[in-house]
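*Asks:* what shape does this take:
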Amino acid sequence: MLNIHPEFAYQSRELGIQIEDTLGDPPDRNNYQLVINSLLGEYIKGTEIDDVNLLSFALFGHLSFDDPAGLLAQSKQYDGGDAAKVKAMVSCADATASKALVAVFGNNPELARKAVITAFLFKNAKRWSNEEDQSLEDMEKEEDKDDVADEDAPLNAPEQEVVDLFDTREDRND
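*Replies:* Residues are numbered from 1 along each chain as shown. Sure, this is the predicted structure:
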(Lines give C-alpha, C1' and ligand atoms only; values in the text may rest on other atoms or scores of the structure.)
Protein backbone atom coordinates (compact mmCIF):
# COMPACT_ATOMS: atom_id res chain seq x y z
CA MET A 1 0.00 0.00 0.00
CA LEU A 2 1.17 3.48 -0.80
CA ASN A 3 1.48 6.05 1.95
CA ILE A 4 -0.17 9.38 1.28
CA HIS A 5 0.07 12.77 2.93
CA PRO A 6 -1.91 12.85 6.21
CA GLU A 7 -3.94 15.86 5.08
CA PHE A 8 -5.20 13.93 2.05
CA ALA A 9 -6.21 11.06 4.36
CA TYR A 10 -8.10 13.54 6.53
CA GLN A 11 -9.80 15.23 3.55
CA SER A 12 -10.81 11.84 2.12
CA ARG A 13 -12.45 10.84 5.41
CA GLU A 14 -14.18 14.21 5.64
CA LEU A 15 -15.52 13.80 2.10
CA GLY A 16 -17.17 10.53 3.11
CA ILE A 17 -18.78 12.19 6.12
CA GLN A 18 -19.97 15.13 4.01
CA ILE A 19 -21.58 12.79 1.47
CA GLU A 20 -23.38 10.87 4.21
CA ASP A 21 -24.54 14.05 5.94
CA THR A 22 -25.84 15.57 2.71
CA LEU A 23 -27.65 12.43 1.67
CA GLY A 24 -29.29 12.18 5.06
CA ASP A 25 -31.08 9.28 6.66
CA PRO A 26 -33.11 8.11 4.85
CA PRO A 27 -31.16 9.19 1.77
CA ASP A 28 -32.71 12.09 -0.12
CA ARG A 29 -31.09 11.89 -3.55
CA ASN A 30 -33.07 14.85 -4.91
CA ASN A 31 -31.75 17.17 -2.20
CA TYR A 32 -28.27 15.70 -2.66
CA GLN A 33 -28.34 16.41 -6.40
CA LEU A 34 -29.61 19.96 -5.78
CA VAL A 35 -26.61 20.61 -3.52
CA ILE A 36 -24.18 19.19 -6.12
CA ASN A 37 -25.76 21.22 -8.95
CA SER A 38 -25.69 24.38 -6.85
CA LEU A 39 -22.01 23.94 -6.01
CA LEU A 40 -21.11 23.21 -9.63
CA GLY A 41 -22.98 26.34 -10.70
CA GLU A 42 -21.07 28.46 -8.19
CA TYR A 43 -17.73 27.10 -9.35
CA ILE A 44 -18.65 27.72 -13.01
CA LYS A 45 -19.53 31.35 -12.17
CA GLY A 46 -16.09 31.73 -10.62
CA THR A 47 -17.31 32.09 -7.06
CA GLU A 48 -14.33 31.68 -4.78
CA ILE A 49 -15.12 28.78 -2.49
CA ASP A 50 -11.66 27.95 -1.24
CA ASP A 51 -12.59 24.59 0.29
CA VAL A 52 -10.95 21.39 -0.93
CA ASN A 53 -13.70 19.25 0.48
CA LEU A 54 -16.58 21.17 -1.14
CA LEU A 55 -14.97 21.00 -4.56
CA SER A 56 -14.21 17.29 -4.12
CA PHE A 57 -17.81 16.77 -3.04
CA ALA A 58 -19.15 18.59 -6.10
CA LEU A 59 -16.94 16.72 -8.56
CA PHE A 60 -16.16 13.26 -7.23
CA GLY A 61 -19.17 11.56 -8.81
CA HIS A 62 -18.35 12.97 -12.25
CA LEU A 63 -14.60 12.44 -12.46
CA SER A 64 -12.82 9.71 -14.37
CA PHE A 65 -9.32 9.03 -13.09
CA ASP A 66 -7.23 8.33 -16.16
CA ASP A 67 -3.86 7.84 -14.41
CA PRO A 68 -4.37 6.22 -10.99
CA ALA A 69 -0.64 5.59 -10.46
CA GLY A 70 0.15 9.22 -11.21
CA LEU A 71 -2.57 10.44 -8.85
CA LEU A 72 -1.26 8.18 -6.09
CA ALA A 73 2.22 9.58 -6.62
CA GLN A 74 0.84 13.14 -6.44
CA SER A 75 -0.93 12.33 -3.15
CA LYS A 76 2.35 12.13 -1.25
CA GLN A 77 2.64 15.93 -1.22
CA TYR A 78 -0.26 18.07 -0.05
CA ASP A 79 1.22 21.50 -0.76
CA GLY A 80 3.27 22.34 -3.81
CA GLY A 81 2.27 19.54 -6.15
CA ASP A 82 1.94 19.85 -9.91
CA ALA A 83 -1.59 21.03 -10.80
CA ALA A 84 -0.99 20.72 -14.55
CA LYS A 85 -0.01 17.07 -14.20
CA VAL A 86 -3.07 16.33 -12.06
CA LYS A 87 -5.33 18.10 -14.56
CA ALA A 88 -3.98 15.82 -17.30
CA MET A 89 -4.72 12.73 -15.18
CA VAL A 90 -8.46 13.30 -14.90
CA SER A 91 -11.40 13.73 -17.25
CA CYS A 92 -15.07 14.46 -16.87
CA ALA A 93 -17.88 13.34 -19.19
CA ASP A 94 -20.58 15.53 -17.57
CA ALA A 95 -20.58 18.93 -19.31
CA THR A 96 -21.52 20.95 -16.21
CA ALA A 97 -18.96 19.25 -13.98
CA SER A 98 -16.36 19.61 -16.71
CA LYS A 99 -17.00 23.38 -16.92
CA ALA A 100 -16.66 23.65 -13.15
CA LEU A 101 -13.41 21.68 -13.17
CA VAL A 102 -11.94 23.82 -15.96
CA ALA A 103 -13.04 27.01 -14.18
CA VAL A 104 -11.41 26.03 -10.90
CA PHE A 105 -8.21 24.82 -12.55
CA GLY A 106 -8.09 28.23 -14.23
CA ASN A 107 -8.87 30.30 -11.12
CA ASN A 108 -7.26 28.24 -8.38
CA PRO A 109 -5.17 25.36 -9.77
CA GLU A 110 -3.87 24.32 -6.34
CA LEU A 111 -7.41 23.95 -4.97
CA ALA A 112 -8.41 21.92 -8.02
CA ARG A 113 -5.34 19.69 -7.68
CA LYS A 114 -6.09 18.95 -4.03
CA ALA A 115 -9.79 18.35 -4.70
CA VAL A 116 -9.14 15.94 -7.56
CA ILE A 117 -6.65 13.95 -5.49
CA THR A 118 -9.04 13.91 -2.51
CA ALA A 119 -11.87 12.63 -4.71
CA PHE A 120 -9.57 10.00 -6.21
CA LEU A 121 -8.45 8.80 -2.78
CA PHE A 122 -12.03 8.67 -1.54
CA LYS A 123 -13.09 6.51 -4.48
CA ASN A 124 -9.98 4.33 -4.19
CA ALA A 125 -9.55 3.96 -0.43
CA LYS A 126 -8.18 0.42 -0.70
CA ARG A 127 -5.22 1.59 -2.80
CA TRP A 128 -3.57 3.70 -0.11
CA SER A 129 -2.71 3.83 3.55
CA ASN A 130 -1.42 6.42 5.93
CA GLU A 131 0.93 5.55 8.75
CA GLU A 132 -0.52 8.36 10.85
CA ASP A 133 -4.08 7.56 9.79
CA GLN A 134 -6.43 6.28 12.44
CA SER A 135 -9.50 4.20 11.98
CA LEU A 136 -12.85 5.81 12.62
CA GLU A 137 -13.20 3.62 15.72
CA ASP A 138 -9.87 4.88 17.11
CA MET A 139 -10.90 8.48 16.51
CA GLU A 140 -14.25 7.92 18.22
CA LYS A 141 -12.52 6.32 21.23
CA GLU A 142 -10.22 9.35 21.47
CA GLU A 143 -13.21 11.69 21.33
CA ASP A 144 -14.96 9.64 24.02
CA LYS A 145 -11.87 9.98 26.25
CA ASP A 146 -11.95 13.75 25.73
CA ASP A 147 -15.66 13.83 26.55
CA VAL A 148 -15.11 11.85 29.76
CA ALA A 149 -12.31 14.21 30.76
CA ASP A 150 -14.66 17.14 30.17
CA GLU A 151 -17.35 15.45 32.24
CA ASP A 152 -14.91 14.97 35.12
CA ALA A 153 -14.20 18.69 35.32
CA PRO A 154 -16.18 20.47 38.00
CA LEU A 155 -19.20 22.20 36.51
CA ASN A 156 -18.81 25.35 38.60
CA ALA A 157 -15.07 25.84 38.12
CA PRO A 158 -14.32 28.57 35.59
CA GLU A 159 -11.66 27.92 32.98
CA GLN A 160 -8.36 29.76 33.57
CA GLU A 161 -8.87 31.89 30.44
CA VAL A 162 -12.16 33.17 31.81
CA VAL A 163 -10.60 33.90 35.21
CA ASP A 164 -7.81 35.85 33.51
CA LEU A 165 -10.35 38.05 31.71
CA PHE A 166 -11.61 39.35 35.04
CA ASP A 167 -8.24 39.62 36.77
CA THR A 168 -8.11 43.22 37.96
CA ARG A 169 -4.87 42.86 39.90
CA GLU A 170 -2.90 42.69 36.65
CA ASP A 171 -0.53 40.09 38.05
CA ARG A 172 -2.03 37.68 35.47
CA ASN A 173 -2.34 34.94 38.13
CA ASP A 174 0.90 33.37 36.92
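*Asks:* tell me which helix or strand in the chain has the weakest average pLDDT.
*Replies:* helix 160-165 (a mean of 52; mean pLDDT, DSSP states H and E).
*Asks:* quick one: low-confidence residue ranges for the protein.
*Replies:* Across the chain, the ranges flagged by pLDDT under 70 are 1-2, 127-174.
*Asks:* can you list the domains in it?
*Replies:* 2-129, 136-165 (automatic domain parsing).
*Asks:* could you dump the ones you listed to JSON lines with mean neighbour count?
*Replies:* Using the backbone N, CA and C atoms, a C-beta is placed for each residue, glycine as well. Output for those, formatted as JSON lines (neighbours: other Cβ atoms under 10 Å):
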{"stretch": "domain 2-129", "mean neighbour count": "17"}
{"stretch": "domain 136-165", "mean neighbour count": "9"}
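*Asks:* quick one, helices of this structure?
*Replies:* Taking DSSP state H as the criterion, the chain contains helices spanning 6-23, 29-45, 52-59, 68-74, 83-88, 95-107, 109-123, 136-152, 160-165.
*Asks:* which residues does the closest residue to Phe120 other than its chain neighbours contact?
*Replies:* Leaving aside its sequence neighbours, Phe120 sits nearest to Leu71 (Cβ to Cβ, 6 or more residues apart in numbering; 4.6 Å). By Cβ atoms under 8 Å, 6 or more residues apart in numbering, the contact set of Leu71 is 65, 86, 89-90, 116-117, 120.
*Asks:* cool, Lys99 as well?
*Replies:* Contacts of Lys99 by Cβ under 8 Å, 6+ apart are 40, 44.
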